[in-house]
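A.B. asks: missing the sequence, but the structure's below:
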Ligand SMILES: Nc1cc(-c2cccs2)n[nH]1
């Protein structure tokens, strides 16, 4: 997978070179390009935004600069990339989105200010590539860089050979529609708090049932909305785990 990020804060993307993501680059599972949007300005002030038509607070990012940046970054391949634009006004980014994007050969992230990028940039790009405006949650950041890092990490960890143990991606929270239950490791007792006996019983059928029940209970307590999304037979399956 090829990933490009266009941003006015290229140093903000430094974490991409660290840890799991850094290893994925070293192992050539992904190639990452970070591009400074100001490279496509032509004025002495290197301006990337301007006042909004219709008035209102804040600034809007200029279409000309973004248009030239996307023309260059998104060129050079038979098939265009999927353009991802983080925004609080976007469709929800979920684990399902991450799974879907993990199949993509090329993702380009356009990191704008939260006041927004001139809408014509997305409308023009949509003429020659798939464009998704996505939100990572119902809160407002200052720029799209943190959202891009979040989404890139959740996608790249799903790629073959990136996670040490691919099974853990299969047992993710959300992968079966439920939150993951509690986990424990040594010591058996810590600050007089025990590990649940079933986990040390060696009875794997009982352990699986216990874990399924814990996931169901936690989901019911913390995210009942996820239960509504579960199909009846998934609920039945979870019920049988009690
Ligand atoms: N979910 C979400 C995205 C954002 C921003 C994207 C770009 C600037 S601010 N805030 N919250």
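C.D. replies: That came through, no problem. Since this is a predicted model, take the numbers as computed values, not measurements.
A.B. asks: residues in contact with residue 148?
C.D. replies: 5, 7, 13, 84, 86, 109, 111 (Cβ atoms under 8 Å, 6 or more residues apart in numbering). Any C-beta I mention is one placed from the backbone N, CA and C, and that applies to glycine too.
A.B. asks: pLDDT of stretch 192-211, averaged?
C.D. replies: Average pLDDT, stretch 192-211: 98.
A.B. asks: could you do stretch 221-234 as well?
C.D. replies: Stretch 221-234 comes out at a mean pLDDT of 86.
A.B. asks: which residue, neighbours along the chain excluded, lies closest to the most centrally placed residue in the chain?
C.D. replies: Centroid check for the chain by Cα atoms, centre = their mean gives residue 151 as the closest residue, at 1.9 Å. Excluding the flanking residues, the one nearest residue 151 by Cβ to Cβ, 6 or more residues apart in numbering is residue 93, at 5.8 Å.
A.B. asks: again, but for residue 79
C.D. replies: residue 105 (7.2 Å).
A.B. asks: pLDDT (mean, whole number) over the helix or strand containing the residue nearest to the centre of the chain?
C.D. replies: Per DSSP states H and E: residue 151 is located in helix 145-156. For helix 145-156, mean pLDDT rounds to 97.
A.B. asks: check stretch 56-76 too.
C.D. replies: So the average pLDDT for stretch 56-76 ends up being 97.
A.B. asks: stretch 166-176 too?
C.D. replies: For stretch 166-176, the per-residue pLDDT averages 72.
A.B. asks: got it, and stretch 84-104?
C.D. replies: Per-residue scores along stretch 84-104 average to 97.
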